[in-house]
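Undergrad: turn this into a structure:
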Amino acid sequence: MNSASRPVRFLKGHGTENDFVILPDADGILELPAAAVARLCDRRAGIGGDGLLRVVRSAAHPEARAMAGEAEWFMDYRNSDGSVAEMCGNGVRVFARYLQRSGLAGDGVLPVATRAGVREVRVSGEGDLSVGMGSARLPDGPGESVTVRVGDRSWPARHVGMGNPHAVAFVDDLSDAGPLLAPPVVEPAAAYPQGANVEFVVDRGPGHVAMRVHERGSGETRSCGTGACAVMVAAARRAGADPAADGQPLTWTVDVPGGRLLITEAADGRITMTGPAVIVAEGTLDPDWFR
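TA: Prediction:
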């Protein structure tokens, strides 16, 4: 963090209980080493969160300048261990809610730059927000099917890319995954050179599933937006449905421990996620705390 003596403003928000520390930093002046992010996200010694959202103007961030013409704001997302992540579906809704709440964006379509590209969030009043998540990538060849293992149990899984990597495993009961205190083993490791988010999924009914998730760099969380999209795609293909092939859009309900998300896949493959985004608190950080 920079050495300035002024307090640093923060907010806390969540989307289906996937919670985040929000740091407004329009001009990109804050230094955020991994250790500082991990301290902020620590639930006992810091503020606590599954991740951190730094709010930066795209023109002020070297990774986002090329997107500044499309999106004024860049979501600099970090996992709770301080590692950098490409995208966070719940996070981008909370990010948009912050911009709306702060008067930096109005209702309507809000483009947000992320490391996975520009995502468009539809903001309307205080209700649920919808975000265009792009299209899923289903690798061909050896990466198409993978195996997920927890302890002495293993399941076949589907490799789905949503701007970040996912391994989706269907299980008989969500408790089959155990306490998820450590990352599940995903094989072959070569399919995920940067690690993977792992989802465990059960059927609840036609077009309706429930999931648990172990997020890369954060552990088990109450929700994962990109994971819910990956789960919807994997579940639809498992049921023999593919909008790009049959021209019929699909909407699935995905229950997560922290709530419910609606995922729609259009005939052109584009995915939209709809769910809540809530700002719950704001305050200031003492710079001496970082020293």
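
Undergrad: list the contacts for residue 93?
TA: Residue 93 sits next to 15, 121, 129, 131, 225, 273, 275-277 when contact means CB atoms under 8 Å, 6 or more residues apart in numbering. Any C-beta I mention is one placed from the backbone N, CA and C, and that applies to glycine too.

Undergrad: the same query, at a cut-off of 10 Å, please.
TA: Shown in contact with residue 93 (CB atoms under 10 Å, 6 or more residues apart in numbering): 13-16, 18, 112, 119, 121-123, 128-131, 225, 261, 273-278.

Undergrad: next step: those residues restricted to helices.
TA: Among the contacts of residue 93, the residues falling in helices (DSSP state H) are residue 225.

Undergrad: buried ones among the contacts of residue 93?
TA: The neighbour-count test (16 or more other CB atoms under 10 Å) marks 13-16, 18, 112, 119, 121-123, 128-131, 225, 261, 273-277 as buried among the contacts of residue 93.

Undergrad: what about the strands in the stretch 51-200 of the chain?
TA: 51-57, 73-79, 108-114, 117-123, 129-135, 145-150, 153-161, 165-170, 185-187, 197-205 (DSSP state E, counting those that start in this stretch).

Undergrad: which one, of these, ends up nearest to residue 251?
TA: Distances from residue 251 to each of these were compared using CB to CB; the shortest belongs to strand 129-135, at 11.6 Å.

Undergrad: the closest one pairs with which strands?
TA: Strand 129-135 has its sheet partners listed here by DSSP bridges as strand 117-123 (antiparallel), strand 270-275 (antiparallel).

Undergrad: between those, which gets nearest to residue 179?
TA: When those are ranked by proximity to residue 179, the top entry is strand 270-275, at 25.7 Å, counting by CB to CB.

Undergrad: got the CA coordinates for the closest one in CSV?
TA: Presented in CSV, the C-alpha positions along strand 270-275 are these (Å, rounded to 0.1, in the frame of the first residue of the first chain):
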residue,chain,number,x,y,z
ARG,A,270,-23.8,-15.9,-25.0
ILE,A,271,-24.5,-16.4,-21.3
THR,A,272,-26.3,-14.0,-18.9
MET,A,273,-26.3,-14.3,-15.2
THR,A,274,-28.8,-12.7,-12.9
GLY,A,275,-28.6,-12.3,-9.2
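
Undergrad: residue 60 against residue 113, yeah?
TA: No - between residue 60 and residue 113 there is no contact under CB atoms under 10 Å: 11.2 Å.

Undergrad: run through the stretch 101-250 of the chain and note the low-pLDDT ranges.
TA: By pLDDT under 70, the low-scoring segments of the stretch 101-250 of the chain are 140-144.

Undergrad: one more time with 50
TA: 142-143 (pLDDT under 50).

Undergrad: how is the chain divided into domains?
TA: 8-132+277-282, 141-275 (automatic domain parsing).

Undergrad: redo those as TSV? Include distance to residue 289.
TA: Formatted as TSV, the entries for the domains of the chain read as follows, by distance: least, CB to CB, whole Å:
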stretch	distance to residue 289
domain 8-132+277-282	8
domain 141-275	22
